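Peer 1: Test case, fold it:
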Amino acid sequence: MKKITVFVFILAVAFANAQKDDNTSDKLTFVKGTQFINLNLSLNSSTSDLDAQTQTQESKNFGFSINPSYAYAISDDFFLGIGLGYTTNSRENDLNGVMDSEVSTNSFSVFPYVRYYKGVGKKLAFFVQGETQYTRSKSEVNNTNARTTNTFFFGVRPGLVLMLNKNLGLETSIGALGYTTSNLEDEANNSEVDFNSFNFSLNSTNLLFGLSYYF
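Peer 2: Just a heads-up that it's a prediction; the model follows:
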């Protein structure tokens, strides 16, 4: 919810700047040959407690992700790019002060993409990004019972960029519309399961913030 509130605030500021810019100059345009490097970072940490008459449970969660990418404009406002990603998550459950279980997940991804910008002010532009993403994740419970998941995503993400100066842009995107297919292999019981879904998501897990350097 906090992420969505921040997104709405940025959107409001961006529109205010676009309104002012409309009266003074042309729309933001990225000419052919422009390049940019983008970096998205996220960090989350939480703790929950449950006190009962006979036991006390505590759960600690920690997650971190980093997603660098590079893109090149093959024509005005139209970019081809590629990105890499790494995500790690861990959850530790304690029972009466003693560790009961620990779940850890590490994921690596690669995502080639295309992106088209539409300027709406001197410093603001909306964009639509079409991408194909492959992610390989491995989860373990107490360092055993490994589960490996291979996931493909095909879809689009809308977003906007607000240029802070000539080269530096504040970027955000929310939501994803697309098709996801996954294959899960569970070593504990030697099983394999396939998942397929087509959905449109606006939840906070698909809300991304980052900085881009254009040159």
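Peer 1: Quickly find the element holding the nearest residue to Ser90 once chain neighbours are set aside.
Peer 2: Spatial nearest neighbour of Ser90, chain neighbours left out: Ser104 (4.6 Å); criterion: C-beta to C-beta, 6 or more residues apart in numbering. All C-beta spots, glycine's among them, are computed from the backbone N, C-alpha and C. Here Ser104 sits within strand 98-119, counting by DSSP states H and E.
Peer 1: elements contacting that strand?
Peer 2: strand 56-75, strand 78-95, strand 124-141 (3 or more C-beta pairs under 8 Å, 6 or more residues apart in numbering; DSSP states H and E).
Peer 1: Tell me which strands that strand pairs with, and in which orientation.
Peer 2: Partner strands and pairing direction for strand 98-119 (DSSP bridges) are strand 78-95 (antiparallel), strand 124-141 (antiparallel).
Peer 1: Please identify the deepest-packed of these.
Peer 2: strand 124-141 (a mean of 17; mean count of other C-beta atoms under 10 Å).
Peer 1: That strand vs strand 56-75, what angle?
Peer 2: 140 degrees (axes from the mean of the first three to the mean of the last three C-alpha atoms, to 10 degrees).
Peer 1: so for strand 124-141, what's the average pLDDT?
Peer 2: Averaging pLDDT along strand 124-141 yields 92.
Peer 1: check contacts around the residue lying closest to Thr148 once chain neighbours are set aside.
Peer 2: When the adjacent residues along the chain are set aside, Thr148 lies closest to Glu185, with 4.8 Å between them (C-beta to C-beta, 6+ apart). By C-beta atoms under 8 Å, 6 or more residues apart in numbering, the contact set of Glu185 is Arg147, Thr148, Thr149, Ser191, Glu192.
Peer 1: go on, Leu211?
Peer 2: Asn38, Leu39, Leu168, Gly169, Leu170, Glu171.
Peer 1: can you tell me which of the residues you listed lies nearest to Tyr214?
Peer 2: Gly169 (6.3 Å; C-beta to C-beta).
Peer 1: for the helix or strand that closest one falls within, which positions count as buried?
Peer 2: Gly169 belongs to strand 168-174 when elements are defined using DSSP H and E. Within strand 168-174, the residues that count as buried by 16 or more other C-beta atoms under 10 Å are Gly169, Leu170, Glu171, Thr172, Ser173, Ile174.
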